[in-house]
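Novice: quick one, fold the following:
(one chain, ligands or ions: 2)
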Amino acid sequence: MTDLKLGLIGGAGMLGTALLRAILTSRILPDHQIWVSSRSGQLQGFEAQTGLTVTADNAELVAACDVVLLCVPPAALADIKVALADKLVISVMAGVTVARITQTTGAEHIIRAMSSPAAADARAYSPWVAADAVTAADRDFAQALFEACGKADEITSEAQLDVFTAMTGPVPGFVAFFAETMAQYAQSQGIAPEIADRAVRQLFLGAGQAMAQSDARPAEHVQGMIDYAGTTAAGLEVLRASEFGRVLAQGLDASVARCRTIG
Ligand SMILES: NC(=O)C1=CN([C@@H]2O[C@H](COP(=O)(O)OP(=O)(O)OC[C@H]3O[C@@H](n4cnc5c(N)ncnc54)[C@H](O)[C@@H]3O)[C@@H](O)[C@H]2O)C=CC1
Ligand SMILES: O=C(O)[C@@H]1CCC=N1
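Specialist: Ligands and ions are numbered 1, 2, ... in the order given. Just a heads-up that it's a prediction; the model follows:
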């Protein structure tokens, strides 16, 4: 177990609390080595947690910690006003580049990651990319941190991170649109809204588990159902021949483009 001290700035927010929950559950570092800053100095939902230090003072957190996890909104980066030159900085802020983090905080050892609130149940996908100054030990720490949140991979460019910000950062994100469309179809066929919603929720739970647990790639799942040549195949053939894939890619493109202007 590491003796590093970790501080979450913005740790009281939606993503910060999910990451904190995963870190505490996994015990990758003891509670007394974890600091959280929140604007109120309070941390709802963790009152029973012993050991954790909660402060309203970002500078106090920075002075105490070796690793600073930035979970504030992109627009709040300029407000946190902390000097991070000698720290390992891990940022989960959407669209905020390594160059901008260096410019604002003086940090050089920077890892940018994308995660999601699914981290609370260790179900996030967290790709991360390291700046040139980042050491092997820093990389090991980041991988352990994000494996505690679910699955994690080191990737090679910030441009790739923007793709994941669109795809896997938002949970349920684009998948919710697919679910909405299917629930609306059921309702259009006279099925009661609450039954349509229940059915779709259960479908996505089962589909998610099936795809997560099987070795087959997504394309193989589709081909498998087409090869089965049953009722589903008839519909999937229509979708495959349609503009659906292209339009979905346009939606993802728009989110990636927004990511590149947000920071
Ligand atoms: N919510 C999500 O699904 C995801 C969010 N992100 C990124 O995570 C970051 C946080 O997002 P959320 O948790 O959704 O936002 P949020 O608004 O729920 O939480 C942000 C937290 O930062 C705190 N904060 C703001 N200014 C501060 C300051 N100067 N000092 C200390 N704390 C401060 C706020 O009080 C709040 O508790 C954003 O940069 C976002 O792009 C990334 C992936 C997914
Ligand atoms: O939609 C958003 O801006 C947040 C950040 C990345 C994913 N969800």
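Novice: mind listing the strands for the stretch 1-150 of the chain?
Specialist: In the stretch 1-150 of the chain, the strands defined using DSSP state E, counting those that start in this stretch lie at 6-9, 34-37, 53-55, 67-70, 88-91, 109-113, 124-130, 150-154.
Novice: for residue 232, find the nearest of these.
Specialist: strand 124-130 (26.3 Å; CB to CB). Every residue, glycine included, has its C-beta placed from N, CA and C.
Novice: only alpha carbons, please: show that closest one as CSV.
Specialist: Taking Å, rounded to 0.1, in the frame of the first residue of the first chain, the C-alpha atoms of strand 124-130 are listed here in CSV:
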residue,chain,number,x,y,z
ALA,A,124,-16.5,3.3,-14.7
TYR,A,125,-14.2,3.1,-17.8
SER,A,126,-11.3,5.4,-17.1
PRO,A,127,-8.8,6.0,-19.9
TRP,A,128,-5.8,8.3,-19.0
VAL,A,129,-3.0,10.0,-20.7
ALA,A,130,0.3,11.2,-19.1
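Novice: stretch 67-81 and ligand 2 in contact?
Specialist: No. Counting by CB under 6 Å from any ligand atom, ligand 2 has no neighbours in stretch 67-81; the shortest distance is 8.3 Å.
Novice: now do the buried residues in that stretch.
Specialist: 67, 68, 69, 70, 71, 72, 74, 77, 80 (16 or more other CB atoms under 10 Å).
Novice: for the stretch 101-250 of the chain, which residue gets nearest to ligand 1?
Specialist: Nearest to ligand 1, among the residues of the stretch 101-250 of the chain, is residue 169, at 3.9 Å (CB to the nearest ligand atom).
Novice: could you tell me which residues make contact with the nearest residue to that residue once chain neighbours are set aside?
Specialist: Nearest non-adjacent residue to residue 169, counting by CB to CB, 6 or more residues apart in numbering: residue 114, 4.7 Å away. Neighbouring residues of residue 114 by CB atoms under 8 Å, 6 or more residues apart in numbering: 92, 94, 126, 127, 128, 161, 164, 165, 168, 169.
Novice: and the residues you listed near ligand 2, which?
Specialist: Checking the contacts of residue 114 against ligand 2 (CB under 6 Å from any ligand atom), the matches are 94, 165, 169.
Novice: rewinding a little: could you work out the most separated pair of the buried residues of stretch 67-81?
Specialist: Every pair of the buried residues of stretch 67-81 checked by CB to CB; the farthest is 67 and 74, at 20.3 Å.
Novice: do you know how far residue 84 is from ligand 2?
Specialist: 22 Å (CB to the nearest ligand atom, to the nearest Å).
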